[in-house]
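Peer 1: sharing a model that was predicted from the sequence below.
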Amino acid sequence: MERTKLLLGAAALGLVGNAHAEYALNLTRGVTQLSRDIYDLHMYILWVCVAIGVIVYGLLTYSVLHHRKSKGVVPATFHENTKLEVVWTVIPFLILLAMAVPATKVMIEAYDTSASDMTVKVTGYQWKWRYTYLDDGIDFFSTLDAKSNEARQLGSKINPETVEHYLLNVDHPLVVPVNKKIRFVFTAADVIHSWWVPALGWKKDTIPGFVTEAWARIDEPGVYRGQCAELCGRDHGFMPIVVEAKSEADYQAWLATQKAQTTAKADEAVTAASKSFTLPELMAKGEAVYNANCAACHQANGEGIPGNFPAIKGSPVALGPIDEHLSIVAKGKGAMMPGFSKTLDKVDIAAVVTYQRNGFGNDKGDLLQPSQVPSEN
């Protein structure tokens, strides 16, 4: 459904030739027991409201048709009826009670994160997600996949319909086991985001300085997609969520691989941070970092979008003092550009600064080594 909305928007801009609407009239049942309980509660309350509407409007219609002045009906003159008032007080009370009990039961279930089998910390960034497996020491960022990122850029001339799961795919999905109670803790590093995967049956805001909780037990292996559901800035529409549920055996194999990769990356990062890179090495690395993090605003050719995003080509920042350039990349500038010190390592920051200063015809000739990037950035 979300993909359909995105394609409709693209069609309005003339990016695709045809748009296909989806006519969903109700909630969908999810892949967790909690989501099904929420769905069942929704349907129960809906039919209670339908029944009340039929009775109330049925009586109103009957009264209008059969007690109208043209039929010579004489209005009643009584002012109160104790028995009737008791009845129409007690009946609504019983109806509310009948709705409150199951609703309270589901609410208590939804907020009960006790006895969980594992905990995943979800941190929202402008504009990506960070997943930390608190029990296993695994930590990684999840960002929009490269194909969607390329297709969404102005002037890409790529038909979004040719990109599988356009704007709903990521480079690193959140992988979890099935039939395990997963406790999620949510926070944010900058502004309010909202983590929403419809198949799980709920969404949760991620708020800077606060920690909120939710949980899920996924019944079936599969891939479940969602999006940020809180307007969080320029790239709000480009931070999808992908949850991949695996069998226990497959999850344990993935976990072992991730632990090995995490250890290797940590060792590599320590080594790389003290290594001196050549200009060609930094340029090659910087181009990849730029395309993944900078090109959407400053464009692949470095010319930016006049009036919106400044150019890198011929920029006074890229041609000015390197320390000032580094500071802007690391700390950000204003509300439009987030700092990258929390989402990129020293090597990536050094590489992208070097690439910006020597690419797009800037040809400064200088380069920034990872060891020159302050740790406090």
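Peer 2: Perfect, thanks for sending it.
Peer 1: doesn't Trp202 make contact with Ile38?
Peer 2: Yes: proximity of Ile38 to Trp202 meets the contact threshold set by CB atoms under 8 Å, at 7.3 Å. To be clear about C-beta, it is placed using only N, CA and C from the backbone, and glycine gets the same treatment.
Peer 1: when these two are compared, which one has more neighbours?
Peer 2: Set Ile38 next to Trp202 and count neighbours by other CB atoms under 10 Å: Ile38 wins out with 21 against 18.
Peer 1: which ones are touching the nearest residue to the more buried one once chain neighbours are set aside?
Peer 2: Excluding the flanking residues, the one nearest Ile38 by CB to CB, 6 or more residues apart in numbering is Gly201, at 4.9 Å. With CB atoms under 8 Å, 6 or more residues apart in numbering as the criterion, the residues that contact Gly201 are 30, 32, 34-39, 216.
Peer 1: separation between Gly201 and His42?
Peer 2: 10 Å (CB to CB, to the nearest Å).
Peer 1: joint contacts of these two?
Peer 2: Contacts common to Gly201 and His42, judged by CB under 8 Å, 6+ apart, are absent.
Peer 1: which regions of the stretch 1-150 of the chain sit below the pLDDT cut-off?
Peer 2: Per-residue confidence for the stretch 1-150 of the chain (pLDDT under 70) gives these ranges: 1-23.
Peer 1: report the separation between the residue nearest the centre of the chain and Val64.
Peer 2: In the chain, the C-alpha closest to the average C-alpha coordinate belongs to Cys228, at a distance of 2.6 Å (CA atoms, centre = their mean). As judged by CB to CB, Cys228 and Val64 stand 49 Å apart.
Peer 1: let's see stretch 274-294 as PDB, backbone CA atoms only.
Peer 2: This file holds the C-alpha atoms of stretch 274-294, laid out as PDB (Å, rounded to 0.1, in the frame of the first residue of the first chain):
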ATOM      1  CA  SER A 274      45.900   5.300  12.100                       C
ATOM      2  CA  LYS A 275      46.700   4.400   8.500                       C
ATOM      3  CA  SER A 276      47.900   7.000   6.000                       C
ATOM      4  CA  PHE A 277      45.800   6.700   2.800                       C
ATOM      5  CA  THR A 278      46.900   7.800  -0.700                       C
ATOM      6  CA  LEU A 279      44.800  10.400  -2.500                       C
ATOM      7  CA  PRO A 280      43.400   7.800  -5.000                       C
ATOM      8  CA  GLU A 281      42.400   5.500  -2.100                       C
ATOM      9  CA  LEU A 282      40.500   8.300  -0.300                       C
ATOM     10  CA  MET A 283      38.900   9.500  -3.500                       C
ATOM     11  CA  ALA A 284      37.600   6.000  -4.300                       C
ATOM     12  CA  LYS A 285      36.300   5.600  -0.800                       C
ATOM     13  CA  GLY A 286      34.900   9.100  -0.600                       C
ATOM     14  CA  GLU A 287      32.900   8.800  -3.800                       C
ATOM     15  CA  ALA A 288      31.000   5.800  -2.400                       C
ATOM     16  CA  VAL A 289      30.400   7.700   0.900                       C
ATOM     17  CA  TYR A 290      29.300  10.800  -1.000                       C
ATOM     18  CA  ASN A 291      26.800   8.900  -3.300                       C
ATOM     19  CA  ALA A 292      25.300   7.100  -0.200                       C
ATOM     20  CA  ASN A 293      25.000  10.200   2.000                       C
ATOM     21  CA  CYS A 294      25.400  13.500   0.100                       C
END
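Peer 1: quick check: neighbours shared by Ile38 and Trp202?
Peer 2: Ala110.
Peer 1: how far does the helix ranked longest in the chain sit from its chain's centre?
Peer 2: Of all segments of type helix in the chain, defined using DSSP state H, the longest is helix 33-66. Its chain's C-alpha centre lies 33 Å from the corresponding centre of helix 33-66 when counted by CA atoms, centre = their mean, to the nearest Å.
Peer 1: and whichever helix or strand comes after it with helix 33-66, angle?
Peer 2: As assigned by DSSP states H and E, the chain's next helix or strand after helix 33-66 is helix 82-111. Between the direction of helix 82-111 and that of helix 33-66, the angle (axes from the mean of the first three to the mean of the last three CA atoms, to 10 degrees) works out to 160 degrees.
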